[in-house]
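Asker: The following block contains a protein sequence and its predicted model.
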Amino acid sequence: LAAYMQTSRALMVISLLLGFFGIIVSVVGMKCTKVGEEDPVTKSRIAVAGGVLFVLSGLCTLAAVSLYATHVTYKFFEKSTVPINARYEFGSALFIGWGAASLTLLGGSLLCCSCPAKDRRGQQYYRQSQPSTAREYV
């Protein structure tokens, strides 16, 4: 196969692997899971690491799809004896790839925003029960 196809394949495989590991790391970093640390700061840092993996996966997908689309565009406008209606055009797979890359980048960036602010690090909020003398019903 041509070099651009091999490169696109490699980038998509890398993207799939990064996305798979991003899912695993993000599930471990969720606040609702009991896996790993119980500290919310550590959990949010694990979730941010999952978000970084998703962003990298989205960038690999975007690069692979855009590389292939650039080659299709180049071949379409290249002077040749092939009639215009018999040349390659953008297919639905390219648009699905761009949509998947944008959604993966959006999800990864949202996970990256879950890092706690510096002033709230280390603080844990617990629900306080009201004293029994606060409300007395007559």
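Answerer: Right, received. Where do you want to start?
Asker: what's the next secondary structure element after whichever strand or helix holds residue 17?
Answerer: In this assignment (DSSP states H and E), residue 17 forms part of helix 3-29. Heading C-terminal from helix 3-29, the first helix or strand you meet, by DSSP H and E, is helix 40-77.
Asker: that older thread, now the helix holding residue 17: average pLDDT?
Answerer: Here helix 3-29 scores 94 as its mean pLDDT.
Asker: Which elements pack onto it?
Answerer: Judged by 3 or more C-beta pairs under 8 Å, 6 or more residues apart in numbering; DSSP states H and E, helix 3-29 is in contact with helix 40-77, helix 92-112. Using the backbone N, CA and C atoms, a C-beta is placed for each residue, glycine as well.
Asker: Apply 6 Å and report the result again.
Answerer: When contacts are defined as 3 or more C-beta pairs under 6 Å, 6 or more residues apart in numbering; DSSP states H and E, helix 3-29 packs onto helix 40-77.
Asker: List the buried residues in the helix it packs on.
Answerer: By neighbour count on 16 or more other C-beta atoms under 10 Å, the buried set for helix 40-77 is 40, 43-66, 68-69, 71-72.
Asker: Report all helices and strands that the lowest-mean-pLDDT helix or strand in the chain contacts.
Answerer: Least confident helix or strand of the chain, by mean pLDDT, DSSP states H and E, is helix 40-77 with a mean of 91. Under the contact definition 3+ C-beta pairs under 6 Å, 6+ apart, helix 40-77 sits against helix 3-29, helix 92-112.
Asker: Check which residues of the longest one are buried.
Answerer: Read it as helix 3-29. Buried residues in helix 3-29 (16+ other C-beta under 10 Å): 8, 11-12, 14-15, 18-19, 21-22, 25-26, 28-29.
Asker: That one to helix 92-112, inter-axis angle?
Answerer: Helix 3-29 runs at 30 degrees relative to helix 92-112, counting by axes from the mean of the first three to the mean of the last three C-alpha atoms, to 10 degrees.
Asker: any idea how far residue 72 is from the closest residue to residue 105 other than its chain neighbours?
Answerer: Nearest residue to residue 105, sequence neighbours excluded (C-beta to C-beta, 6 or more residues apart in numbering): residue 58, at 3.7 Å. Remark: distance between residue 58 and residue 72 (C-beta to C-beta, to the nearest Å) = 21 Å.
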